[in-house]
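1. my questions are about this predicted structure, shown below with the sequence.
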Number of protein chains: 2
Amino acid sequence: MPEQGFYNLFIMSQSNQISKAVISRLPRYYRYLRELIEAGTERISSEELSRLMKATASQIRQDLNHFGGFGQQGYGYNVKSLYNEIGKILGVEEVHDLIVVGAGNLGRAIVRYKGFGAHGFHFCALFDIDETLCGKTINGVRVYHTDELESFVLNNNVDIVALTIPTDGALKVSKKLYELGIRYFWNFAHTDLELPGDAIVKNVHLLDSLLELSFTVSRSKIKEEE
Amino acid sequence: MPEQGFYNLFIMSQSNQISKAVISRLPRYYRYLRELIEAGTERISSEELSRLMKATASQIRQDLNHFGGFGQQGYGYNVKSLYNEIGKILGVEEVHDLIVVGAGNLGRAIVRYKGFGAHGFHFCALFDIDETLCGKTINGVRVYHTDELESFVLNNNVDIVALTIPTDGALKVSKKLYELGIRYFWNFAHTDLELPGDAIVKNVHLLDSLLELSFTVSRSKIKEEE
């Protein structure tokens, strides 16, 4: 059982700090490997993978070595098993229960997004202060009033909370949820959450991302005018 | 006119490469400064800003020095003028014309998102292959059939294209748009676009972001079981 062996190796190395940068690259490896599987590729060398991913082959080898190293010299990586192992590391074989606070456009778009379910993400409930939305279901997920958030979290397993509400609400709700024991936040609000150090927050700051683009657009316009 | 002076300084330094890392931090400065303005703060030292932003004061000073440096020793930064200058650098005083390819949940959520308009982003049109959507307006923005994309781009100013369609479509459409002269892409498709080096792509990979979270959730569960 080489997979099991590898997985144990990974678990044993938990105490070693894996850098945030490596973790942030794993989903991208996972994505490229999936594309390779769909294209029918069975083996790939780190050199080929590096051309594809626009990274250096040595970085790829180094990253994958972090997790035991699946490659064989002159033989390359087995795409399928590498994909499965990285999936395991990322936790896609487990079910993660999510709730979404904010049943506006973004919250609804997230619950309807097709790609999440196949990777172990299960949306349990939406919450909103808008009473006209309460009781409705969106893609099979029921909307509850935010007043019911506390009792829901106390009575159900909730691994991750997505916040798709404005800044003030997100700051308040995240503090409350932290007190209730929630530690994993997927934050779409246009603010950084103010939570103790053991809370793990992954931000999706849409405006920040768009501003980075407009910065380069503006810069190119200045250049054209020079 | 110190602002003008500063801006010229910035333009003059265009030829110097500003690191991607600095650019990616600017929207965050901008966001924090806005929060400070809203809280009525007029001046702030790099030390206070560093506590707030959980960055080192020296990084903050270094970053802001890139753009001329607005701070005065023992006096701090003027919040409002720093905010305005960074906004200018980010291009929020100009209008950026966007189109959104994909009028599904995510595309609609983006067009309805309230925060973009105030920062110079103007949505001109949505495009979709679904004929039942064509002719409708979403938040005042009209949906056209994707067949009309080429003529729209040729006849209208389009600075940025947001792609909220699945992988295959995104790869095809982005290549076509590149040929038509589009260089700035805000990509929500679950793939990296395959475009020449002068295309600027800002990715929002929602599944990647969620997988980073589930990685840490899974890891903590393993720890608890040990």
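-> Nice, I can see it. Numbers count the residues shown, from 1 in each chain, chains lettered A, B, ... in the order given.

2. past the helix or strand hosting A:V173, which element shows up next along the chain?
-> A:V173 belongs to helix A:167-179 when elements are defined using DSSP states H and E. Using DSSP H and E, the helix or strand that follows helix A:167-179 in sequence is strand A:184-187.

3. give me the helices and strands touching that following strand, please.
-> Packing partners of strand A:184-187 (3 or more Cβ pairs under 8 Å, 6 or more residues apart in numbering or on different chains; DSSP states H and E): strand A:160-163, helix A:167-179, strand A:200-203, helix B:206-225. For glycine as for every other residue, the C-beta is placed from the backbone atoms N, C-alpha and C.

4. next up, the contacts around A:L206.
-> A:F188, A:H190, B:I110, B:Y113, B:G115, B:V204 (Cβ atoms under 8 Å, 6 or more residues apart in numbering or on different chains).

5. sorry, back to before: any chance of the helices and strands packed on strand A:184-187 in a markdown table, with mean pLDDT and distance to A:M53 too?
-> Listed next are these as a markdown table, based on pLDDT from 0 to 100; distance: least, Cβ to Cβ, whole Å:
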| stretch | mean pLDDT | distance to A:M53 |
| --- | --- | --- |
| strand A:160-163 | 98 | 27 |
| helix A:167-179 | 97 | 34 |
| strand A:200-203 | 95 | 22 |
| helix B:206-225 | 82 | 13 |
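
6. distance to B:N65 added to these, as JSON lines?
-> Converted to JSON lines, these look like this (distance: least, Cβ to Cβ, whole Å):
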{"stretch": "strand A:160-163", "distance to B:N65": "34"}
{"stretch": "helix A:167-179", "distance to B:N65": "29"}
{"stretch": "strand A:200-203", "distance to B:N65": "26"}
{"stretch": "helix B:206-225", "distance to B:N65": "31"}
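
7. would you mind finding the most buried of those?
-> Across these, the average number of neighbours (mean count of other Cβ atoms under 10 Å in any protein chain shown) peaks for strand A:160-163, which reaches a mean of 25.

8. how does chain A divide up, domain by domain?
-> As assigned by automatic domain parsing, chain A contains the domains A:2-89, A:96-208.

9. returning to what we had before: other SSEs contacting the helix holding A:V173?
-> strand A:96-101, helix A:149-155, strand A:160-163, strand A:184-187.

10. with distance to A:G76 as added columns, please give the ones you listed in CSV.
-> Listed next are those as CSV, based on distance: least, Cβ to Cβ, whole Å:
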stretch, distance to A:G76
strand A:96-101, 32
helix A:149-155, 46
strand A:160-163, 35
strand A:184-187, 35
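
11. leaving out chain neighbours, which residue sits closest to A:I86?
-> Excluding the flanking residues, the one nearest A:I86 by Cβ to Cβ, 6 or more residues apart in numbering or on different chains is A:Y30, at 4.9 Å.

12. apologies, that question was intended for A:P27.
-> B:D208 (3.6 Å).

13. how much space between the one you found and A:N139?
-> Distance of B:D208 to A:N139, given as Cβ to Cβ, to the nearest Å: 21 Å.

14. same question for A:K175.
-> Relative to A:N139, A:K175 is positioned 29 Å away (Cβ to Cβ).

15. buried set for the lengthiest strand in chain A?
-> When chain A is parsed with DSSP state E, its longest strand is strand A:121-128. Neighbour counts over strand A:121-128 (16 or more other Cβ atoms under 10 Å in any protein chain shown) mark A:F121, A:F123, A:C124, A:A125, A:L126, A:F127, A:D128 as buried.

16. could you pick out which of those residues are near chain B?
-> Filtering the buried residues of strand A:121-128 for proximity to chain B (criterion: Cβ under 8 Å from any Cβ of the partner chain) leaves A:F121.

17. possible to save the buried residues of strand A:121-128 as a markdown table with pLDDT?
-> Formatted as a markdown table, those follow (pLDDT from 0 to 100):
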| residue | pLDDT |
| --- | --- |
| A:F121 | 95 |
| A:F123 | 97 |
| A:C124 | 97 |
| A:A125 | 98 |
| A:L126 | 98 |
| A:F127 | 98 |
| A:D128 | 98 |
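
18. picking up where we left off before, contacts for the helix holding A:V173, please.
-> Residues contacting helix A:167-179 (Cβ under 8 Å, 6+ apart): A:101-102, A:129, A:146, A:149-150, A:153, A:161, A:163, A:165, A:185, A:187, A:189-191, A:193-196, A:199.

19. so how do I select the buried members of the residues you listed in ChimeraX?
-> Buried residues among the contacts of helix A:167-179 (16+ other Cβ under 10 Å), as a ChimeraX selection:
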select /A:101,102,146,149,153,161,163,165,185,187,189,190,191,193,195,199
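
20. what's near enough to touch A:K80?
-> Counted by Cβ under 8 Å, 6+ apart, A:K80 has contacts A:I37, A:E42.

21. how about it, secondary structure?
-> Recorded secondary structure, A:K80: helix (DSSP: H, G, I helix; E, B strand; the rest coil).

22. where does chain A have its least confident helix or strand?
-> Every helix and strand of chain A was ranked by mean pLDDT, DSSP states H and E. The lowest is helix A:2-12, at a mean of 38.

23. orientation of the next helix or strand after that one relative to helix B:206-225 in degrees?
-> For helix A:2-12, the succeeding helix or strand toward the C-terminus, using DSSP H and E, is helix A:20-38. Put simply, helix A:20-38 runs at 120 degrees to helix B:206-225, going by axes from the mean of the first three to the mean of the last three Cα atoms, to 10 degrees.

24. after helix A:20-38 comes which helix or strand?
-> Following helix A:20-38 in sequence, per DSSP H and E, is strand A:43-44.

25. mind giving me the packing neighbours of that following strand?
-> Strand A:43-44 sits against strand A:77-78, with contacts defined as 3+ Cβ pairs under 8 Å, 6+ apart.

26. remind me which residues of chain A are low pLDDT?
-> Within chain A, the ranges that satisfy pLDDT under 70 run A:1-18, A:67-74, A:221-226.

27. let's see it at 90
-> For chain A, the stretches with pLDDT under 90 are A:1-25, A:45-47, A:54-55, A:57-78, A:81-82, A:85-86, A:88-93, A:114-115, A:118, A:214-226.

28. I appreciate the help and will end here.
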